[in-house]
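Visitor: Requesting a structural model of the entry that follows:
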Amino acid sequence: MTKIRALIAFVLAMSLAAHAVAGRASPALPASHECVIGSYALADGTDVDIGPADEGNLRWRRKDGTTGELHPAGKFWTSTLGWTGRSDGKRVSFSACDTGRILFDGISGSKLQFDQTDTRFEGAGVQLTGRLTLPQGHSPVPIVVLVHGSERSSALQTYWLQRQFASEGIGVFAYDKRGTGSSQGRYTQDYLLLANDAIAALREARRLAGPRAGRMGYQGGSQGGWVAPLAARIEPVDFVIVSFGLAVSPLHEDREAIAFDMQRHGYGAEIQKKAGEIADASAAILLSNFTEGYDLLAEVKRKYSGEDWFKHVRGNVTHYFLATDPERIRREGPGLLPGIPLQYDPMPVLRNLRTPQLWVLGGQDRDAPPGETLKRLSTLKVEGIDLTMAVFPMADHGIYEYETREDGERDYTRNSGGYFSLMRDFILDRKVEGPYGNSRLIR
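Guide: Next comes the predicted model:
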């Protein structure tokens, strides 16, 4: 995860000329480092995944949720904790590429081998690039298709789950979303179009896997939480996992995030109402495709910017509006959320979805607060819909845990323990009996 808040990172990236071309990924690793990317079995019986990070660095991840960024330092790579930039004392080295060996924090290991097939396939009118990763062998395995969030990075380069799931006996199909990586087409956030791309990806995964294809389904993170259930409703699958997604509309997401901002800073109903006026201004701008609403935004800023609570208003996109010149928003805005159905209501899809679902939510998710989503999902459970919910109480978006700085911002340290094993168990046999870290299971 190079950008934890995918939507806001996208907004900011639009202002940089270097990111003007759709599909540009994170800075590439030097060619000499690309061969070390992979998952490694360690001598102590555990494993570690090595993937790319920004600025030519690497990132290690373990299935217990711990992670760090690796920085080249002579023969070794030194590690910093999570995304904090603080040393965690770990050192890592790699042998020559053709040997596939690692020394991770004093423990030796070797790269795991998978059966991988790269492919190009027809999405909804465009050519997409994908990769099927299977554990070695001949037996049928469950296969999960990884559905993008709103990020513009290449899934084939950055999605570590394609290796971690494969190391647990699960087939994985990852693909570059249209307009990203090496896939064709224009980047879009049109959920129906993206759902049809996901369906095409699953069909391609099934074709490539042949007799090894067992149960098949989707895992969608963030915005993928709207897309994956829609794809499953159009063409049924065996399971759907939604990670840090929502059962409300994108427009409601920003309003709920602002309300959560006020709640977690201890403000009551009166302040919540004032903050709602800011949400109204943001909604006016979004619904007009960035042509109107600026007078309303200026008015609420004039009324409330001097009050203590105002500095805590963040929302999902609102803090960009509050911090950015209106002319710049007008100029850049229409390209920020191309094709997004702002008032899309996912409930009719979810209410009529007969596919078993697992929803994984972060209790401290500032971008996708879980409150209303949990209420709605609970209603669906009462109606007989087959779904399981897991809430990691101290996790933000991405199921990332954090430390809070003096200025109130968050330094991300790791994924919550149990997040990976929860998804793994659901894919393998639908048994989620736990415990999974400190999560609260609702079955």
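
Visitor: For the chain, give me the ranges with low pLDDT.
Guide: Residues of the chain meeting the criterion pLDDT under 70: 1-32.

Visitor: Which residue would you name as the spatial centre of it?
Guide: Centroid-nearest residue in the chain: Gly221, 4.1 Å away (criterion: CA atoms, centre = their mean).

Visitor: what comes up buried for the helix or strand where Gln162 lies?
Guide: Here Gln162 is covered by helix 161-164, with elements defined by DSSP states H and E. Buried residues in helix 161-164, defined by neighbour count with 16 or more other CB atoms under 10 Å: 161-164. Heads up, the C-betas are built off the backbone N, CA and C, glycines and all.

Visitor: Could you list the buried residues of stretch 270-283?
Guide: Buried residues in stretch 270-283, counted by 16+ other CB under 10 Å: 271, 274-275, 277-279, 281-283.

Visitor: sec struct for the closest residue to Asp238 other than its chain neighbours, please.
Guide: Closest residue to Asp238 apart from its sequence neighbours, by CB to CB, 6 or more residues apart in numbering: Arg215 at 4.1 Å. Each residue gets one of three states, and Arg215 gets strand by DSSP: H, G, I helix; E, B strand; the rest coil.

Visitor: What is the burial count for Arg215?
Guide: Neighbour count of Arg215, defined by other CB atoms under 10 Å: 19.

Visitor: for the buried residues of stretch 270-283, which one is nearest Ile329?
Guide: Ser282 (10.6 Å; CB to CB).

Visitor: That closest one reaches Phe321, doesn't it?
Guide: Yes - Ser282 lies in contact with Phe321 (CB atoms under 8 Å); the separation is 5.6 Å.

Visitor: Could you tell me which residues touch both of the two?
Guide: Leu297 (CB atoms under 8 Å, 6 or more residues apart in numbering).

Visitor: Now do the phi/psi pair for the residue nearest to the centre of the chain.
Guide: Taking degrees, to the nearest 10, you get phi -100, psi 140 for the backbone angles of Gly221.

Visitor: Adjust the sequence numbering to begin at 57 for everything that follows.
Guide: From this message on, residue numbering opens at 57, which makes the last subject Gly277.

Visitor: tell me the contacts of it?
Guide: 203-205, 299-301, 454.

Visitor: Please repeat the previous calculation with a cut-off of 6 Å.
Guide: 205, 299 (CB atoms under 6 Å, 6 or more residues apart in numbering).

Visitor: ok, what's across the strand from it?
Guide: When assigned by DSSP bridges, Gly277 has beta-bridge partners Ser299.

Visitor: For it, give its distance to Gly332.
Guide: According to CB to CB, to the nearest Å, Gly277 stands 28 Å off from Gly332.

Visitor: Next: Ala129.
Guide: 50 Å.

Visitor: Asp485 now?
Guide: Distance of Asp485 to Gly332, given as CB to CB: 45 Å.

Visitor: And Lys119, by the same measure?
Guide: Distance from Lys119 to Gly332, by CB to CB: 41 Å.

Visitor: How about Glu309?
Guide: 14 Å.

Visitor: ok, now Glu388?
Guide: Here the criterion is CB to CB. By it, Glu388 lies 26 Å from Gly332.

Visitor: ok, now Gly205?
Guide: Counting by CB to CB, the gap from Gly205 to Gly332 is 27 Å.

Visitor: Show residues contacting stretch 310-317.
Guide: Contacts to stretch 310-317, defined as CB under 6 Å, 6+ apart, come from residues 328, 331, 335, 338, 368-374, 425, 428.

Visitor: Could you export those residues to JSON lines, including columns for secondary structure and distance to Leu406?
Guide: Below are these laid out as JSON lines (DSSP: H, G, I helix; E, B strand; the rest coil; distance: CB to CB, whole Å):
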{"residue": "Gln328", "secondary structure": "helix", "distance to Leu406": "27"}
{"residue": "Ala331", "secondary structure": "helix", "distance to Leu406": "28"}
{"residue": "Ala335", "secondary structure": "helix", "distance to Leu406": "24"}
{"residue": "Ser338", "secondary structure": "helix", "distance to Leu406": "25"}
{"residue": "His368", "secondary structure": "helix", "distance to Leu406": "32"}
{"residue": "Val369", "secondary structure": "coil", "distance to Leu406": "30"}
{"residue": "Arg370", "secondary structure": "coil", "distance to Leu406": "27"}
{"residue": "Gly371", "secondary structure": "coil", "distance to Leu406": "24"}
{"residue": "Asn372", "secondary structure": "coil", "distance to Leu406": "21"}
{"residue": "Val373", "secondary structure": "coil", "distance to Leu406": "24"}
{"residue": "Thr374", "secondary structure": "helix", "distance to Leu406": "26"}
{"residue": "Pro425", "secondary structure": "coil", "distance to Leu406": "18"}
{"residue": "Glu428", "secondary structure": "helix", "distance to Leu406": "13"}
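
Visitor: State the pair within these that is farthest apart.
Guide: Pairwise distances across these peak at 20.0 Å for His368 and Glu428 (criterion: CB to CB).

Visitor: that older thread, can you give me how far the helix holding Gln218 is from the chain middle?
Guide: A distance of 14 Å separates the centroid of the chain from that of helix 217-220, by CA atoms, centre = their mean, to the nearest Å.
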